[in-house]
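>>> what's the 3D shape of this:
(one chain, ligands or ions: 1)
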Amino acid sequence: MTTPRRLESYVCGRWTPGEKDGQTLLDAATGAPVATIDSSGIDFAATLAYGREVAGRKLRAMTFHERAAMLKALGLALMGQKEEFYAESLHTGATRPDGWIDIEGGIGTMLTFASKARRELPNTRVWTDGEVEALSKDSSFSAQHILTPLQGVAVHINAYNFPIWGMLEKIAPTLLAGVPCIVKPASQTAYLTELMVRRIIETGILPEGALQLISGSVGDLLDHVTGQDAVTFTGSAWTGRKLKSHKAIIENSTRFTMEADSLNAAILGPDAVAGTPEFDLFVKEVAREMTTKAGQKCTAIRRVIAPRGQVHALIAALRERLEKTPVGLPGTEGTRMGPLASLDQRVEVRDRIRELQADAEIVAGNPDEVRLSSGDAELGAFMNPVLLYAEKPLSAEKIHEVEAFGPVSTVMPYDVLDEAVHLAQLGKGSLVSSVFTDDPKVAEEMVLGVAPYHGRVLIGNRASAKTSTGHGSPLAPLVHGGPGRAGGGEEMGGMRGVKHYMQRTAVQGAPRLLSAVTGRWIEGAEANQGVHPFRKSLAELRIGDQLVTAARTVTLEDVEHFANFTGDTFYAHMDEAAAKANPFFDDRVAHGYLIASFAAGLFVEPNPGPVLANYGVDHMRFLAPVYFGDTLQVRLTCKEINPRANAEHGEVRWDCRVTNQKGETVAQYDVLTMVAKTWPAVAV
Ligand code: NDP
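Below you'll find the predicted structure:
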């Protein structure tokens, strides 16, 4: 037997062992000691201060793209070392596919955040939120919402079931926001988190202090949180509520995000009778959710809601699958389901099943007897999947309240659609529910009925069977979290998750000054005319560089030529009587796309130069009709510059405003171009 590893915390720039021997953590499958854990002696107030003072400033000095590049480098470095994490993960009871969700799922989530940030956020330190609000008629006073990083630390208190994913899905958006993190993994599986944090620190990719780790209890840390800090929690509702009502969290209005018990449901549509592809998919999904990670997934299906007429066929099909699931040592070939995280957890799950039996009978599996393909049920926390059936779910309580955090689900029948929706709602708020149907009406009714009670709803049917990511997989671009019992929190959701660590502020003032704050040109701010801005490389181009073009008159011939050339002979352009009958027009009008085309003809600089490509337009609006004889003029202003890291070019957003001879804006949009970073200098 090997000597258990003594876990350390990484705080204030040092790997720090606890002062005491601490708790011994056992291998979930063999009962062998894996590690000891203790955090006594740590100065938690100093740990928080170190994060805020040492790392906060460095992270805030970086742009979103720089932070994204940092996460990408880190994700790739960790992926290169994944086998070491898989080996350690076996101690948690995770099979290779279970480990994949945690390890590669976690690293993949970090990489997705990095690439989405690169594509969706500006290369700045300030994130503008929404459009400029003009607060005066003469554009001398405007407002812009901005997002800036909290100047504290995010404390992430995680559950034992995903020691890696749980950390990475939270630190990725936090670091992108520019906020340092302190991670506190659940003790039971903290050795895996500790190993990964060691590898992260060794890469030297993160600024010192950006990630600290507490192995063991967080002591008095929460006493020292401020209104600039954030705390996230995943675990039991009981602990979550206790932490949420901590004095310092309440007094400082510290942001607190909680993800706790969730009685997720899967609903079989009335159309999905035995023999349909949806029925088979449903059976597969329920069995998979019960056995993956031995059911220790916050998103696992706990309640199986099915039409009464299908219940017998459903139970028979599930029983057959579950009984064929080999349970055993997670590293042994052929094992489909490993043990629970600990023997204590098995006692806990058995107790919860007894509570569920107040409302339901066991129809598959025996919680107290273990059939194994390998391993020892005395030493490892093994358990076979247990399926229950509740005949009267509408009047039952426990099945909608008790979360048995293991391979346990309860089947419940419904008679009409409303009843199925109501049963799902009885969970009082869950992370996810799925609806299996091929009927659009059923999909609509069920999703609208359950959505307010859930953070995510998956619709399963034959068309998406091959590509569906499944009921239980939270994805980086989608929100993860649920209302009510599920904790009321929200994580991930792509760039939405980054905002959780930033403050939204409405800034009001003169446009010139607002523009200086946001790094974006806005209406009313100074503009510089001179050399055609398309002659300037990124090295020369400045926000506010502007071109006011010559004017061009739109004629009847132009419109007819455009109509016949493109085939767009819509009546408003071609038929005088029909155009006049239209409530929006007094006469025939020019095509919107003709206006945009003429605008491009007016503003481009045709010679080869630093502008490499036009890759689109944003927010295009045609604001007033253009009649024959109207004269168009364009004002093009450099609005935002995003140099791309590791490339010879960057993106430039131009404010494009097309006016008529009366000075009215007839069209407005953002033109998006790729511009070279350098180009032979232009004589000014
Ligand atoms: P806990 O709520 O006990 O622990 C969750 C996290 O909180 C752990 O990191 C734990 O650390 C920490 N913690 C516990 N007490 C405190 C405290 N006073 N101050 C600060 N941190 C604290 O949950 P478990 O992980 O033990 O799981 C228990 C049950 O929770 C499961 O059986 C399951 O029902 C539910 N659960 C639900 C999940 C979900 O997402 N829906 C996920 C995981 C669990 P430590 O481990 O060191 O005590």
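
>>> Only C-alpha atoms from now on, for both contacts and neighbour counts.
Fine.

>>> any weak-confidence spans in the chain?
Across the chain, the ranges flagged by pLDDT under 70 are 1, 681-684.

>>> For it, which residues are neighbours of the ligand?
By CA under 6 Å from any ligand atom, the residues of the chain that approach the ligand are 157-161, 184-188, 216-218, 234-236, 239, 259-262, 298, 403, 405.

>>> Mind telling me which residue of the stretch 201-350 of the chain is nearest the ligand?
Nearest residue of the stretch 201-350 of the chain to the ligand, counting by CA to the nearest ligand atom: Ser236, 3.3 Å away.

>>> give the contact list for the closest residue to that residue other than its chain neighbours.
Excluding its sequence neighbours, the residue lying closest to Ser236 (CA to CA, 6 or more residues apart in numbering) is Ala260, at 5.2 Å. Residues near Ala260 by CA atoms under 8 Å, 6 or more residues apart in numbering: 234-237, 240, 298, 485-487.

>>> Output the residues you listed as TSV; include the columns secondary structure and neighbour count.
Formatted as TSV, the contacts of Ala260 follow (DSSP: H, G, I helix; E, B strand; the rest coil; neighbours: other CA atoms under 10 Å):
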residue	secondary structure	neighbour count
Thr234	strand	25
Gly235	coil	19
Ser236	coil	17
Ala237	helix	18
Gly240	helix	22
Cys298	coil	28
Arg485	helix	20
Ala486	helix	29
Gly487	coil	25
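
>>> related to what we said a few turns ago, what about the residue of the stretch 201-350 of the chain closest to the ligand, distance to Tyr160?
To Tyr160, Ser236 is 11 Å away according to CA to CA, to the nearest Å.

>>> thought Ser537 was touching Val652?
No. Contact between Ser537 and Val652 fails when scored by CA atoms under 8 Å: they sit 10.4 Å apart.

>>> Show me the common contact partners of those two, please.
Joint contacts of Ser537 and Val652 (CA under 8 Å, 6+ apart) are Val675.

>>> burial of the residue of the stretch 401-550 of the chain found nearest the ligand, as a residue count?
The ligand sits closest to Phe405 of the stretch 401-550 of the chain, with a gap of 4.7 Å, by CA to the nearest ligand atom. Neighbour count for Phe405, taken as other CA atoms under 10 Å: 27.

>>> Relative to Gly99, how far out is the closest residue to it other than its chain neighbours?
Excluding the flanking residues, the one nearest Phe405 by CA to CA, 6+ apart is Gln296, at 5.3 Å. Going from Gln296 to Gly99 by CA to CA gives 13 Å.

>>> Kindly report the same for Glu403.
The value you get for Glu403 to Gly99, if CA to CA is used, is 23 Å.

>>> for Ser142, same thing?
Ser142 sits at a distance of 52 Å from Gly99 (criterion: CA to CA).

>>> Same check on Thr239?
26 Å.

>>> And these two? Which one has more around it.
Per other CA under 10 Å, whichever of Thr239 and Gly99 has more neighbours is Gly99, with 25 against 12.

>>> Now for the residue lying closest to Arg308 once chain neighbours are set aside: which residues touch it?
Leaving aside its sequence neighbours, Arg308 sits nearest to Pro413 (CA to CA, 6+ apart; 4.6 Å). Listed by CA under 8 Å, 6+ apart, the contact set of Pro413 reads 305-308, 311, 390-393.

>>> rerun that using 10 Å as the cut-off
For Pro413, the contacting residues are 267-268, 304-311, 389-394, 419-420, 423, by CA atoms under 10 Å, 6 or more residues apart in numbering.

>>> cool, and Glu369?
377, 382-384.

>>> Please apply the same query to Ala525.
Neighbours of Ala525 in contact, by CA under 10 Å, 6+ apart: 139-140, 510-516, 543-544.

>>> How about Val517?
Contacts of Val517 by CA under 10 Å, 6+ apart are 126, 128, 144, 146, 507, 511.

>>> so who does the fourth one touch?
Taking CA under 10 Å, 6+ apart as the criterion, Ile146 is in contact with 126-130, 502-507, 517-518.

>>> which ones among these are found in helices?
Among those, the members found in helices (DSSP state H) are 517-518.

>>> For burial, what's the neighbour tally of the closest residue to Gly455 other than its chain neighbours?
Distance criterion CA to CA, 6+ apart; nearest residue to Gly455, sequence neighbours excluded, is Gly482 at 4.4 Å. For Gly482, the count of nearby residues is 28 (other CA under 10 Å).

>>> So Gly482 sits against Gly427, correct?
No. Between Gly482 and Gly427 there is no contact under CA atoms under 10 Å: 11.1 Å.

>>> Need phi/psi at the residue nearest to Gly455.
Main-chain dihedrals, Gly482, degrees, to the nearest 10: phi -150, psi 160.

>>> Starting from Val432, give me the distance back to it.
Per CA to CA, Gly482 is found 7 Å from Val432.

>>> Find residues that contact each of the two.
Common neighbours of Gly482 and Val432 (CA under 10 Å, 6+ apart) are 262, 451, 453-456.

>>> hmm, back to that, identify the contacts common to Gly482 and Gly427.
With CA under 10 Å, 6+ apart, Gly482 and Gly427 have common neighbours 261-262, 453-454.

>>> now the strands: where do they sit in the stretch 301-450 of the chain?
303-307, 361-364, 386-389, 408-414, 430-436 (DSSP state E, counting those that start in this stretch).

>>> strand partners of the last one, parallel vs antiparallel please.
So the one you mean is strand 430-436. Sheet pairing for strand 430-436, assigned by DSSP bridges, gives strand 265-268 (parallel), strand 454-460 (parallel).

>>> Please apply the same query to the fourth one.
When sheet partners are counted by DSSP bridges, strand 408-414 sits next to strand 303-307 (parallel), strand 386-389 (parallel).

>>> For Val54, which of the ones you listed is the nearest?
Among the strands paired with strand 408-414, the nearest to Val54 by CA to CA is strand 303-307 (47.1 Å).

>>> Which positions within stretch 542-552 qualify as buried?
Applying a neighbour-count criterion of 16 or more other CA atoms under 10 Å, one finds 542-549, 551-552 buried in stretch 542-552.

>>> Break this structure down into its domains, please.
42-259, 265-470, 527-676 (the TED database).

>>> Taking the stretch 51-200 of the chain, what residue is nearest to the ligand?
For the stretch 51-200 of the chain, CA to the nearest ligand atom, closest residue to the ligand: Ala186, 3.2 Å.

>>> Quick check: that residue touching Thr92?
No. Between Ala186 and Thr92 there is no contact under CA under 10 Å: 11.8 Å.

>>> intersection of neighbour lists for those two?
160-163.

>>> Not including adjacent chain positions, what is the nearest residue to Met492?
Closest to Met492 by CA to CA, 6+ apart is Val479, at 5.2 Å.

>>> Just to check, the one you found is in contact with Glu490?
Yes. Between Val479 and Glu490 a contact is recorded at 6.3 Å, counting by CA under 10 Å.

>>> list the residues that contact both of those two?
What both Val479 and Glu490 touch, as defined by CA under 10 Å, 6+ apart, is the set 431, 455, 496-497.
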